[in-house]
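Q: turn this into a structure:
(one chain, ligands or ions: 2)
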Amino acid sequence: MLATVLRNLFQPARTRAPTDMPPMPATFRGALAHDASRCTGCGTCAYVCAPKAIRFEEDPAKSISWLFYIGRCSFCGLCQQNCPTQAISTAATVPATMNSSAGDGLRLESVVLFRPCPRCGKPHIPMPGMATQYCPDCRQWAASAGLRQAFLAGEGATDGR
Ligand code: SF4
Ligand code: SF4
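A: Ligands and ions are numbered 1, 2, ... in the order given. Down below sits the predicted model:
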């Protein structure tokens, strides 16, 4: 026993310091980060989240707040996998912008702003990566106008034969 005590006396301490933490694997799923410029407010992330860690608050015609409650999250990654615009990503660290001022746990708030439609002026959330930032109604109008034009051009070509 004395030999064991003497041997342990000359061993380094076994308690790990924060700097001794093993490196995080690239696929580690931690706290969520949210890119408001890519979010369309479709609600898919909240729909697939079983513990209801994602919620929305709307300021009508102005903005939608995407709210993430880390205390409810099971870090399953389903919201990230199902987001159609890749607005959600996961990080190994808790974002510094998280706060608990709401009184219902530590949460991350990301504000998605409504923008006026360039055709009708209706406030809406634009689709990321689209050249024309029309609202859904004007996108429908533009698609049917394109079809009508293609149809009329086809008719003209047939008449000219
Ligand atoms: S984060 Fe993605 S899934 Fe969630 S509302 Fe925005 S676009 Fe939809
Ligand atoms: S990682 Fe899973 S539990 Fe956490 S917010 Fe996304 S869907 Fe919900």
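
Q: quick one: stretch 45-61 near ligand 2?
A: Yes: Stretch 45-61 lies within reach of ligand 2 by Cβ under 6 Å from any ligand atom, at 48-49, 51, 53-54. Every C-beta, even on glycine, is put in place using the N, C-alpha and C of the backbone.

Q: going by distance to ligand 1, which of those residues wins?
A: Comparing the residues of stretch 45-61 next to ligand 2 against ligand 1 with Cβ to the nearest ligand atom places residue 54 closest, at 7.0 Å.

Q: quick one on the thing from earlier: quick one: which of the residues of stretch 45-61 next to ligand 2 is nearest residue 74?
A: Closest to residue 74 out of these is residue 51 (5.8 Å), distances taken as Cβ to Cβ.

Q: my read is that that closest one contacts residue 75, right?
A: No: between residue 51 and residue 75 there is no contact under Cβ atoms under 8 Å: 10.3 Å.

Q: quick check: residues of the protein near ligand 2?
A: Within the chain, the residues that sit near ligand 2 (Cβ under 6 Å from any ligand atom) are 32, 48-49, 51, 53-54, 73-79.

Q: so which of these are in helices?
A: 48, 78-79 (DSSP state H).

Q: output these as a markdown table; include the columns distance to ligand 1 and pLDDT.
A: Compiled in a markdown table, these are given as follows (distance: Cβ to the nearest ligand atom, whole Å; pLDDT from 0 to 100):
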| residue | distance to ligand 1 | pLDDT |
| --- | --- | --- |
| 48 | 8 | 97 |
| 78 | 10 | 93 |
| 79 | 7 | 95 |
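
Q: type out the PyMOL command that picks the buried ones from these.
A: Here is the PyMOL command that selects the buried residues among those (16 or more other Cβ atoms under 10 Å):
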select buried, resi 78+79
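
Q: please produce CSV containing the ones in helices among the residues of the chain next to ligand 2, extended by distance to residue 110.
A: Formatted as CSV, those follow (distance: Cβ to Cβ, whole Å):
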residue, distance to residue 110
48, 18
78, 18
79, 13
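
Q: quickly list the domain ranges of the protein.
A: As given by automatic domain parsing, the domain ranges for the chain are 25-113, 116-152.

Q: for those domains, which one ends up most surrounded?
A: Greatest average neighbour count among those goes to domain 25-113 (a mean of 15), per mean count of other Cβ atoms under 10 Å.

Q: what sits opposite the residue nearest the centre of the chain in the beta ladder?
A: Central residue of the chain (Cα atoms, centre = their mean): residue 88, 2.8 Å from the mean position. When assigned by DSSP bridges, residue 88 has beta-bridge partners residue 34.
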